[in-house]
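Novice: could you work out the structure for the sequence below:
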Amino acid sequence: MTLPQLALVQSAPDSPSARLHRLMREAYQAADEQVKALEDALLSIAYLSAEVAEGGDVYPVGVREICRRLAEGSVWRAQTLESLQRQSSDRARP
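Specialist: Here you go, the predicted model:
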C-alpha cells in the first residue's frame with residue numbers, strides 16, 4: 001500500500017474588503033468580551049460592597065456608607081452596560 005503524497009495548498013489571500021470585514025467582526029467580538037468582563041467585575045464589586053455595608057460595627061460607619069452607595073451604583077451600572085450592549089448587538093454588524 002502506498003501512502004498518498006500530501007502537499008500544502010495555499011488559500012487565496014483575502015481581498016482588502018474581506019479582510020476588513022473579518023477584522024471588524026473580531027474587533028466587535030473582543031469589545032463584547034471586554035464589556036462582559038466589566039459587567040462581571042461591577043457585579044463582583046456590588047456583592048463585596050454589599051457585604052461590607054451590611055457588616056455591622058466591624059466596619060467604620062463611613063466605610064459602610066461608601067460601600068452601600070458603591071453596591072447600589074455598581075448594580076445599575078452593570079445593568080446599564082448590559083442593556084446598551086444588547087441594543088448594540090441587535091443592530092446589524094459587519
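
Novice: going forward, measure contacts between C-alpha atoms and count neighbours the same way
Specialist: Noted.

Novice: for the protein, which spans come out with low pLDDT?
Specialist: 1, 92-94 (pLDDT under 70).

Novice: what ranges does it have for its helices?
Specialist: 16-53, 61-90 (DSSP state H).

Novice: in TSV, list these along with mean neighbour count and distance to residue 7.
Specialist: Listed next are these as TSV, based on neighbours: other C-alpha atoms under 10 Å; distance: least, C-alpha to C-alpha, whole Å:
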stretch	mean neighbour count	distance to residue 7
helix 16-53	15	26
helix 61-90	15	42
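
Novice: as a markdown table, those helices with distance to residue 5 would be great.
Specialist: Listed next are these as a markdown table, based on distance: least, C-alpha to C-alpha, whole Å:
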| stretch | distance to residue 5 |
| --- | --- |
| helix 16-53 | 32 |
| helix 61-90 | 46 |
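
Novice: ok, which of those comes nearest residue 8?
Specialist: Of all those, it is helix 16-53 that lies closest to residue 8, at 22.0 Å by C-alpha to C-alpha.
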